[in-house]
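*Asks:* Sequence first, then the predicted structure:
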Amino acid sequence: MYNIAIDGPAGAGKSTIARMAAEKLGFIYVDTGAMYRAMALYFIRNGISSSDEEAIEAACKDINISIEYQDGEQVVLLGSENVNAFIRTEEVSMMTSDISKYAAVREKLLDVQRNLARTKDVIMDGRDIGTCVLPDAGTKIYLTASASERARRRYKELEAKGVPCDLEKTKQDIILRDEQDMNREISPLRQAEDAVLLDSSDLSIEEAVSAVIDIYNKKRG
Ligand code: DC
């Protein structure tokens, strides 16, 4: 099986770009952030605080996260419920960053992610794919963009959905989430030594997708 790992900070365009590249290459796209988001949703729904590590550890034993594909779209299942429609709010985003620092949460998802990559050609995106989940991935990309550009994109996305938002607040949320994700003890966000850096600040989506495919073609030879 061939694995492509894409890591990078919030809002760099990882999911859009990885999904499109996967379609072109005939790979399965795996969005690991969505799995962490489903866990955060469970904690929110059950009134478990992000600072209560003991309760989070205990709850991890009861949570069952899996993914399946419907019409080519990744669907995240919490138990048997499709939670895709509930995991993209700002509340869930921040909770996800807060709880993804815990070992119990990360261990829970590691096996699911590695099993997918063992059985299929995947493009997997997240924060620790090249450094921890798939250290032997054939292609590793660290996809980033300036904080202003990432905030602008996120703001436009929310605006298009009709969600009231504020550009400066969106930027502060992104910066806070990056700081947490980069500075946690277990599997922090960082560029793997053998990852190719791709800055999408001045690239269109199509240009970024082409750049990903070029990097893959060069690596695969
Ligand atoms: O990619 P995303 O914005 O959906 O990720 C949401 C949060 O999940 C992110 O702030 C940190 C966490 N995450 C992680 O810790 N490890 C991953 N592989 C993917 C996401």
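*Replies:* Happy to help now that I have it.
*Asks:* Show me what from this structure comes close to the ligand.
*Replies:* Proximity of the chain to the ligand, by CB under 6 Å from any ligand atom, involves residues 10, 32-33, 36-37, 96-97, 100, 126-129, 177, 181. Using the backbone N, CA and C atoms, a C-beta is placed for each residue, glycine as well.
*Asks:* Determine which two of the residues you listed are furthest apart.
*Replies:* Spanning the widest gap among the residues of the chain next to the ligand are 129 and 177, at 17.3 Å by CB to CB.
*Asks:* out of these two, which sits in the busier spot?
*Replies:* In this view residue 129 and residue 177 are compared by other CB atoms under 10 Å, and residue 129 has more residues nearby, 30 against 21.
*Asks:* now the more buried one, nearest residue through space, not along the chain?
*Replies:* Spatially, and ignoring its direct neighbours in sequence, residue 129 is nearest to residue 5 (3.9 Å; CB to CB, 6 or more residues apart in numbering).
*Asks:* Then residue 100?
*Replies:* Closest to residue 100 by CB to CB, 6+ apart is residue 36, at 4.9 Å.
*Asks:* so what does the helix or strand bottoming out on mean pLDDT in the chain touch, helix or strand wise?
*Replies:* For the chain, counting by mean pLDDT, DSSP states H and E, helix 147-160 ranks last in confidence among helices and strands (a mean of 91). In terms of contacts (3 or more CB pairs under 8 Å, 6 or more residues apart in numbering; DSSP states H and E), helix 147-160 is packed against helix 167-183.
*Asks:* Strand partners (parallel or antiparallel) of the helix or strand following the helix it packs on?
*Replies:* As assigned by DSSP states H and E, the chain's next helix or strand after helix 167-183 is strand 196-199. Partner strands and pairing direction for strand 196-199 (DSSP bridges) are strand 139-144 (parallel).
*Asks:* With just CA atoms, put the strand it pairs with into PDB.
*Replies:* In PDB, the C-alpha atoms belonging to strand 139-144 read as follows (Å, rounded to 0.1, in the frame of the first residue of the first chain):
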ATOM      1  CA  THR A 139       5.400  10.900   0.500                       C
ATOM      2  CA  LYS A 140       5.200  13.400   3.400                       C
ATOM      3  CA  ILE A 141       4.100  17.000   2.900                       C
ATOM      4  CA  TYR A 142       3.900  19.800   5.500                       C
ATOM      5  CA  LEU A 143       1.300  22.200   4.100                       C
ATOM      6  CA  THR A 144       1.100  25.600   5.600                       C
END
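*Asks:* Could you give the average pLDDT over that strand?
*Replies:* The average pLDDT within strand 139-144 is 98.
*Asks:* No further questions, thank you.
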